[in-house]
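1. quick one, fold the following:
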Amino acid sequence: MKIIKANYQIDATIQTIVGFDSHLSGNINTESSIRFEGSFSGEINSQGVVYIGNQSIVKANINALRVIVSGEVQGDIEVIDSIDIMSSGKVIGNISGKKLVIDEGAVFQGKVNMDIISPAKVTD
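-> Residues are numbered from 1 along each chain as shown. Below you'll find the predicted structure:
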């Protein structure tokens, strides 16, 4: 499914899944969406959507088109479109983006900057 907004499109098709029993570290650079169900530490750069699953713990700075957090993120998040912290989600770090949605019950600790992020920043 692709959603076209303004001058960019959101590709919600997940090309990569980090499974429940996976524990990865390093730098991830992807042009498509990615879903984390296991744990990860390092840096994530995605031109798509980054999904953080319920049981997932991600210790990384994330640059993406959109981020949806149902698990835990420890690190800064910069997006072009939106950041959604679901009721089971926890974010400890600073957030920058166009739109922020925090569900009731979610945990957020950090600073928020709602300036619009340039698409060039995600693609660098």
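2. now do the buried residues in stretch 17-33.
-> Buried positions in stretch 17-33, judged by neighbour count with 16 or more other CB atoms under 10 Å: 18, 28, 33. All C-beta spots, glycine's among them, are computed from the backbone N, C-alpha and C.
3. my read: the first one touches residue 42, true?
-> Pointing back at residue 18 there. No - between residue 18 and residue 42 there is no contact under CB atoms under 8 Å: 11.5 Å.
4. what do those two both touch?
-> Counting by CB atoms under 8 Å, 6 or more residues apart in numbering, the shared contacts of residue 18 and residue 42 are residue 24.
5. now, which of the buried residues of stretch 17-33 sits nearest residue 52?
-> Nearest to residue 52 out of these is residue 18 (CB to CB; 9.9 Å).
6. who touches the closest one in this structure?
-> 24, 34, 35, 36, 37, 38, 40, 56.
7. element containing the first one, please.
-> If I follow you right, that is residue 24. In this assignment (DSSP states H and E), residue 24 forms part of strand 23-30.
8. contacts for the following helix or strand past that strand?
-> Per DSSP H and E, strand 23-30 leads on to strand 33-36 as the next helix or strand towards the C-terminus. Outside strand 33-36, the residues that touch it by CB under 8 Å, 6+ apart are 11-18, 28, 44, 46, 48-53, 56, 58, 71.
9. what's the single longest strand in this structure?
-> Counting by DSSP state E, the longest strand found in the chain is strand 57-69.
10. is the residue nearest to the spatial centre of the chain bridged to anything, and to what?
-> Most central in the chain under CA atoms, centre = their mean is residue 67, positioned 2.9 Å from the mean C-alpha point. Counting by DSSP bridges, residue 67 is bridged to residue 50, residue 83.
11. what sits against it?
-> Contacts of residue 67 by CB under 8 Å, 6+ apart are 49, 50, 52, 73, 77, 79, 82, 83, 84.
12. fine by me, we can end here.
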